[in-house]
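Visitor: When you get a sec, could you give me coordinates for this:
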Amino acid sequence: MDPVLFEEWMMTGLVTILIIFMGFIVWDLAKKSKAGRFGSFILFFVLGLGVAAFIIKSVVIGLIESGAL
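Guide: Numbers count the residues shown, from 1 in each chain. The predicted model follows:
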């Protein structure tokens with residue numbers, strides 16, 4: 001297997017696991033701090049912005065490498 005391909009798969013998989021784990025941490029934090037619906041929404045919204053930035057970065061890099069941009 002090509003090391004570059006292996007690294008790409010592992011990064012995608014491990015970052016996905018990290019995002020799921022961070023979601024659990026945020027949920028636990030919201031529950032223990034009794035943040036309520038609005039506070040929980042804000043916490044997950046900020047986490048979602050980070051996830052969206054990671055996805056957008058991957059898409060833009062893919063477009064640049066394919067020559068579409």
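
Visitor: For Leu5, grab the count of nearby residues.
Guide: 9 (other CB atoms under 10 Å). The C-beta positions use only the backbone N, C-alpha and C, and glycine is treated the same way.

Visitor: And it, how close does it get to Leu49?
Guide: According to CB to CB, to the nearest Å, Leu5 stands 29 Å off from Leu49.

Visitor: Roughly how far does Gly67 sit from Lys57?
Guide: Remark: distance between Gly67 and Lys57 (CB to CB) = 18 Å.

Visitor: more neighbours, the two?
Guide: Neighbour count, other CB under 10 Å: between Gly67 and Lys57, Lys57 has more, with 10 against 6.

Visitor: centre of the chain versus the helix or strand where the more buried one lies, how much separation?
Guide: Using DSSP states H and E, the element containing Lys57 is helix 36-66. Helix 36-66 sits 6 Å away from the centroid of its parent chain (CA atoms, centre = their mean, to the nearest Å).

Visitor: tell me which strands and helices it is in contact with?
Guide: Packing partners of helix 36-66 (3 or more CB pairs under 8 Å, 6 or more residues apart in numbering; DSSP states H and E): helix 3-32.

Visitor: Packing partners of the helix it packs on?
Guide: Going by 3+ CB pairs under 8 Å, 6+ apart, helix 3-32 lies up against helix 36-66.

Visitor: quick one: average pLDDT of the helix it packs on?
Guide: The predicted model assigns helix 36-66 a mean pLDDT of 92.

Visitor: list the buried ones in it?
Guide: Ser40, Leu43, Leu47 (16 or more other CB atoms under 10 Å).

Visitor: Surely the first one touches Leu29?
Guide: No - under the contact definition of CB atoms under 8 Å, Ser40 does not touch Leu29, with a separation of 9.1 Å.

Visitor: burial measure for Ala35, as a count.
Guide: Neighbour number of Ala35 under other CB under 10 Å is 15.

Visitor: In contact with it, which residues?
Guide: Contact analysis of Ala35 by CB atoms under 8 Å, 6 or more residues apart in numbering lists Leu29, Ile42, Leu43.

Visitor: Many thanks, I have nothing further to ask.
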